[in-house]
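Engineer: can you look at this prediction? I've put the sequence above it.
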Amino acid sequence: MFFILYLFLEIPLAVIVNALPKALKSVGILQTSKGWLPLILNVALTFLLIEGIDAFMDNVAIKWQGTLIFALVIGLISWALNKDEEEPPDMDSEEFREIEKRFNSKR
């Protein structure tokens, strides 16, 4: 039951966590969507999710140190896999305007 809960909760939360640095880069708050922020967000998400599930399930007992190690490993793997992704376009770039035109023309 623990792994099923983790899987169903982690997928939508990971989509949000992975999109946040890209959105911040697009609006100009960050210079890049890569770096330490995605790693920190991913590690924090994994750690808090596992600790939250652990707190609500009586028959599961995971030490926080084990959770932290697991979260760091998952975060580093995700960070390594995502470092070759393209950067999103800036909001004021020509590429962004072209994408916006394509979406508006479909309506």
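Structural biologist: Okay, I see it.
Engineer: drop to CA atoms for contacts and neighbour counts, all remaining ones
Structural biologist: OK.
Engineer: least trustworthy helix or strand in the chain by mean pLDDT?
Structural biologist: With mean pLDDT, DSSP states H and E as the measure, the helix or strand of the chain carrying the lowest mean pLDDT is helix 94-105 (a mean of 83).
Engineer: pLDDT below threshold where in the chain?
Structural biologist: For the chain, the stretches with pLDDT under 70 are 106-107.
Engineer: show me which residues of the helix ranked longest in the chain are buried.
Structural biologist: Using DSSP state H, we find that the single longest helix of the chain is helix 2-26. For helix 2-26, the neighbour count (16 or more other Cα atoms under 10 Å) marks 10, 17-18, 20-26 as buried.
Engineer: what does stretch 84-91 give?
Structural biologist: 88-90.
Engineer: in which helix or strand does I50 reside?
Structural biologist: Using DSSP states H and E, I50 falls within helix 36-56.
Engineer: and that helix with helix 2-26, angle?
Structural biologist: 150 degrees (axes from the mean of the first three to the mean of the last three Cα atoms, to 10 degrees).
Engineer: just checking, D90 touches K25?
Structural biologist: Yes. Using Cα atoms under 8 Å, D90 is in contact with K25, at 6.9 Å.
Engineer: from the buried residues of helix 2-26, which is closest to V60?
Structural biologist: Distances from V60 to these, taken as Cα to Cα, are shortest for E10 (17.7 Å).
Engineer: next up, the contacts around that closest one.
Structural biologist: For E10, the contact set (Cα atoms under 8 Å, 6 or more residues apart in numbering) comprises 46, 49.
Engineer: give me that answer again for 10 Å
Structural biologist: 4, 16, 45-46, 49-50 (Cα atoms under 10 Å, 6 or more residues apart in numbering).
Engineer: can you mark which positions in the helix or strand harbouring G75 are buried?
Structural biologist: For G75, the host element (DSSP H and E) is helix 64-82. Judged by neighbour count (16+ other Cα under 10 Å), helix 64-82 contains these buried residues: 67-68, 70-72, 74-76, 78-79.
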